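A.B. asks: what's the 3D shape of this:
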Amino acid sequence: MTESNSLGYTAAMEELEQILQEIEADDVDVDVLTDRVARAAELIRTCRERIASTRTEVERVVTELDGEGT
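C.D. replies: Below is the predicted model of the structure:
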């Protein structure tokens, strides 16, 4: 498990916001830019995985509830 995968969705989004502010700055260091963009990509993947996992779990719960109603 990578470091970004151990982050919760909210923490990952907060870090993404911070990175965005850093890379939008007029004085961004080009040498740092590559690392920050790579980290942002990791965090985006983590957020997408969390969203997909949550969607799957919600669909499972709804399906179980639908089955109980019949």
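A.B. asks: the helices in the protein, which residues?
C.D. replies: Counting by DSSP state H, one finds helices in the chain at the ranges 3-6, 9-24, 30-68.
A.B. asks: now these in a markdown table, with mean pLDDT and mean neighbour count?
C.D. replies: Every residue, glycine included, has its C-beta placed from N, CA and C. Shown next, in a markdown table, are the helices of the chain (pLDDT from 0 to 100; neighbours: other CB atoms under 10 Å):
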| stretch | mean pLDDT | mean neighbour count |
| --- | --- | --- |
| helix 3-6 | 64 | 13 |
| helix 9-24 | 96 | 14 |
| helix 30-68 | 95 | 12 |
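A.B. asks: So which residues make contact with stretch 52-70?
C.D. replies: The contact list for stretch 52-70 (CB atoms under 8 Å, 6 or more residues apart in numbering) is empty.
A.B. asks: Next, name the residue at the spatial heart of this protein.
C.D. replies: For the chain, Cys47 is the residue whose C-alpha lies nearest the centre (CA atoms, centre = their mean; 1.9 Å).
A.B. asks: Cross-check the contact I'm expecting between it and Gly8.
C.D. replies: No. With contact defined as CB atoms under 8 Å, Cys47 and Gly8 do not form a contacting pair (10.0 Å).
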